[in-house]
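Engineer: below is the sequence, then the predicted model.
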Amino acid sequence: MGEKRRNDDDEFKQAAIRLVTVNGHGVSETARNLGINANMLSRWKREEETNQHAASTGNGLASKEQEELRQLRNEVKRLRMEREI
């Protein structure tokens, strides 16, 4: 039977990334201590750096925030249309 896919929540991911970036622990060591694959932790770290870079270069919002903003704008548009009817 194959490995069970693990769904890690954002809080866990952020804590793992902080261990590497802020505390200066190595990716391999941190991944081993947390029981996750080092490649996965490296990918999380890379994605976080990309999101931070995008936010700091004038894009303003990370991709998750952009998606949430799009959904909220659509909802506001729908509610305004319902109110007019």
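Structural biologist: Nice, thanks for sending it over. Residues are numbered from 1 along each chain as shown.
Engineer: please enumerate the helices of this protein.
Structural biologist: Counting by DSSP state H, one finds helices in the chain at the ranges 10-21, 27-34, 38-56, 63-84.
Engineer: in JSON lines, list these along with mean pLDDT.
Structural biologist: Formatted as JSON lines, the entries for the helices of the chain read as follows, by pLDDT from 0 to 100:
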{"stretch": "helix 10-21", "mean pLDDT": "88"}
{"stretch": "helix 27-34", "mean pLDDT": "91"}
{"stretch": "helix 38-56", "mean pLDDT": "82"}
{"stretch": "helix 63-84", "mean pLDDT": "87"}
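Engineer: in CSV: these, plus mean neighbour count.
Structural biologist: Using the backbone N, CA and C atoms, a C-beta is placed for each residue, glycine as well. Shown next, in CSV, are these (neighbours: other C-beta atoms under 10 Å):
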stretch, mean neighbour count
helix 10-21, 15
helix 27-34, 16
helix 38-56, 14
helix 63-84, 10
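Engineer: Trp44 reaches Ile17, doesn't it?
Structural biologist: Yes. Counting by C-beta atoms under 8 Å, Trp44 does reach Ile17; the two are 5.8 Å apart.
Engineer: common neighbours of these two, please.
Structural biologist: Counting by C-beta atoms under 8 Å, 6 or more residues apart in numbering, no residue touches both Trp44 and Ile17.
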